[in-house]
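Engineer: Okay, here's the prediction I keep looking at, along with the sequence it came from:
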Amino acid sequence: MTKKVIIANWKMNPQSLTEAKKIVTAITTKVSHFKKVSVIIAPPVIYLESLAKLQNTTLAGQNLFWEESGAYTGEHSGTMLAKSGATYVIVGHSERRAMGETNEMVNKKVKAALKAGLKPILCIGESVRDEKGDYHTFIKEQIMQSLAGLKKVNLKNVIIAYEPVWAIGKNAKREATPAESLEMSIFIKKVLSDMFGAVATKTVALIYGGSVNTKNAEAFLSDGGVDGVLVGRESLTPLKFIQIVYSAEHLS
Ligand code: PEP
C-alpha cells in the first residue's frame, strides 16, 4: 500500500515561531497515528530547526540554492536544510518562477537537493489554459528541462506537484476539477515514461495542488489520478488541514 502524501505549504506564514509550533502540534496530535497518509509541512526556513524538535514532524524547505557555500547573500544550501531537519524541499514553486526562476535553475536545484539527500517536490504548472491545448507543450518542457540529467534511480525520491497557476491562491481564476487533474496526471506520466521508462515512472509520486480545500480534497484524491495533494491556504488552519488529511486516511 502506498501512502497518500499531503503537503502543507505555509509560504511566508505564520508570523512567529510560537504560532508555527502551535499549528504543527495541533496537526500532529490528531494525525500522527494515521496509517495511510504521510504529512509533510513546509514552513519558512527560519522555523525549521525548532519545528524539527517536535515529535512526529516531517518537514520540507520551500526553496534552496544550488551551490554548497560561498558568497550568495540570502541563500541557503540543501545541506543546510537537511541539517536543520528537512527531509524534502519544494523546488520551482510558481511563486518563485514568477520571481524569475527558470527551468534551468530549477534543474540545478533538483540536482542539488538530491545531492544533499533531500527529496525534491518539483512544482510544475501552466499559467493559462489555451483552447488548442498548447499548455501540454509547456508542461512537457517544464518536466524535461527540470529533470534533465537525472537517473532512473533518482525518481523514487522525487515528488511532482502539478499546480496549474490559474488555480492557485486567493486570486485563482477558478478551481481545477479532478477530471482535469486526472488528464494531466496521465499526460505527465507519459512524458516521464518517454524520458525514464515505465518502470521508473511508477516510482514517482505525483500530487495535485491549487485551491485544495476541505470540500474538494476527497474528490482530487479519489478521482484526480494523484498520490496526494499540496495545500496552501488551508494548511494554516489546523482544523481544515486535519480534515483534508482525514479524508486521505479514510478514502474508500
Ligand atoms: C500553493 O501555493 O502551492 C497552493 C496550492 O496554494 P493554495 O492551496 O492556497 O491555492
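Structural biologist: Good, I have the coordinates.

Engineer: Skip the chain neighbours and tell me the closest residue to the closest residue to the ligand within the stretch 51-200 of the chain.
Structural biologist: Here the stretch 51-200 of the chain gets closest to the ligand at one residue, residue 168, 4.1 Å apart by CB to the nearest ligand atom. All C-beta spots, glycine's among them, are computed from the backbone N, C-alpha and C. Excluding its sequence neighbours, the residue lying closest to residue 168 (CB to CB, 6 or more residues apart in numbering) is residue 210, at 4.7 Å.

Engineer: any idea how far the ligand is from the one you found?
Structural biologist: Distance, residue 210 to the ligand, using CB to the nearest ligand atom, to the nearest Å: 5 Å.

Engineer: close enough to count as contact, that residue and residue 125?
Structural biologist: Yes - using CB atoms under 8 Å, residue 210 is in contact with residue 125, at 7.3 Å.

Engineer: intersection of neighbour lists for these two?
Structural biologist: Shared contacts of residue 210 and residue 125 (CB atoms under 8 Å, 6 or more residues apart in numbering): 163, 164, 165, 168.

Engineer: which among those residues gets closest to residue 146?
Structural biologist: Nearest to residue 146 among the shared contacts of residue 210 and residue 125 is residue 163, at 13.1 Å by CB to CB.

Engineer: residues near the closest one, how many?
Structural biologist: The number of residues packed near residue 163 is 25, by other CB atoms under 10 Å.

Engineer: Looking at per-residue confidence, what score does residue 1 get?
Structural biologist: With respect to pLDDT, residue 1 has a value of 62.

Engineer: Need the residues that contact the one helix or strand residue 6 maps to.
Structural biologist: Here residue 6 sits within strand 4-9, counting by DSSP states H and E. The contact list for strand 4-9, computed with CB under 8 Å, 6+ apart, reads 27, 36-42, 60, 62, 88, 90, 93, 121, 159, 161, 205, 207, 209, 221, 227-232, 235-236, 241, 244-245, 248-249, 251.
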